[in-house]
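Asks: structure for this input, please:
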Amino acid sequence: MLDDSSNLDFNFWPSFADSMLAVVFILVVILVFVAQQGLTGLSDIRESQGIVVESIAARYDGTLDTLQQSPTESKYVIRNDGESEVTVAQDVQLQRITFSGNVLFSQNDYRLTRRGEKVLQNVGESIQPQLSRVRQIQIEGHTDLFPTDQYPGGNLELGARRARSVFRFLEQQVGIDPVQHLMSTTSYGPYSPVGRSPGDDYGREKLRKANDSEEKRRRNRRVELLLFYGDSDSSAVAADRSSSAK
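Replies: Below you'll find the predicted structure:
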């Protein structure tokens, strides 16, 4: 008489192995699909960023120079009469548009000049068609270390007022909805000169050295427009990348 238990053992293990192979195959298919979707998303983001740069250059009364270009990071500068006025630095997730201090505002003023309005209108209209890929917009105001007594809050207040002026213009004149695109403002005043990143070992002496020439102070006087990109269906926010592409 045959032993039924041994027969069951013999049939069970091949069946279990086949099941495991099927599970592994399904997982591989899922991973390949996710990877392909991710690559497609990155390709779309790069395309949107490229369109923004090309559109700004086409609308801007100046010349576009490529400072750096790679599959993951790029940097461009728009010059007018040889002076750097708008810089665009980007990686796969963040596009940082930097306006030199004299482009949008007069010295110690937070009201947009007429030329500043024109420049910001051109940049805003270049961004607008690509907003489906933008998940968050941050506007940062930066100043040099030279003190000002024109505002109660000093340079920090000046930076904040300038950022708010850009915010209002993009909302009211360009038509960018701050609710839909999570648009916000902040001011670093003189405390985040060009080249500084969060986490740097920084003190008053380094801050002073970052402002010890007119050229450095000129570069530090700026407004930065940060566009955080991602799939249009994604709900994640990459605020921790705000220090990238400086």
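
Asks: can you give me the strands in this protein?
Replies: Remark: strands assigned in the chain by DSSP state E are 63-69, 74-80, 83-90, 94-100, 134-142, 183-189, 222-229.

Asks: reformat these as JSON lines; add mean pLDDT and mean neighbour count.
Replies: Heads up, the C-betas are built off the backbone N, CA and C, glycines and all. Shown next, in JSON lines, are these (pLDDT from 0 to 100; neighbours: other C-beta atoms under 10 Å):
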{"stretch": "strand 63-69", "mean pLDDT": "87", "mean neighbour count": "12"}
{"stretch": "strand 74-80", "mean pLDDT": "90", "mean neighbour count": "18"}
{"stretch": "strand 83-90", "mean pLDDT": "91", "mean neighbour count": "20"}
{"stretch": "strand 94-100", "mean pLDDT": "96", "mean neighbour count": "22"}
{"stretch": "strand 134-142", "mean pLDDT": "97", "mean neighbour count": "22"}
{"stretch": "strand 183-189", "mean pLDDT": "98", "mean neighbour count": "19"}
{"stretch": "strand 222-229", "mean pLDDT": "97", "mean neighbour count": "24"}
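
Asks: quick one: closest of the ones you listed to Ser43.
Replies: Ser43 lies closest, by C-beta to C-beta, to one member of these: strand 222-229, at 11.9 Å.

Asks: quick check: angle from the closest one to strand 134-142?
Replies: With axes from the mean of the first three to the mean of the last three C-alpha atoms, to 10 degrees applied, the angle from strand 222-229 to strand 134-142 works out at 170 degrees.

Asks: show me what strand 222-229 pairs with in its sheet, parallel or antiparallel.
Replies: strand 94-100 (antiparallel), strand 134-142 (antiparallel) (DSSP bridges).

Asks: want to throw those into TSV with distance to Leu226?
Replies: Conversion of the strands paired with strand 222-229 to TSV gives the following (distance: least, C-beta to C-beta, whole Å):
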stretch	distance to Leu226
strand 94-100	5
strand 134-142	4
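
Asks: what about the closest residue to Asp177 other than its chain neighbours, distance to Glu224?
Replies: Sequence neighbours aside, Glu171 is the residue nearest to Asp177 in space, at 7.4 Å (criterion: C-beta to C-beta, 6 or more residues apart in numbering). Separation of Glu171 from Glu224 (C-beta to C-beta, to the nearest Å) stands at 17 Å.

Asks: do the same with Gln138
Replies: Separation of Gln138 from Glu224 (C-beta to C-beta): 8 Å.

Asks: so which of the strands of the chain comes closest to Glu117?
Replies: Nearest to Glu117, of all the strands of the chain, is strand 94-100, at 12.1 Å by C-beta to C-beta.
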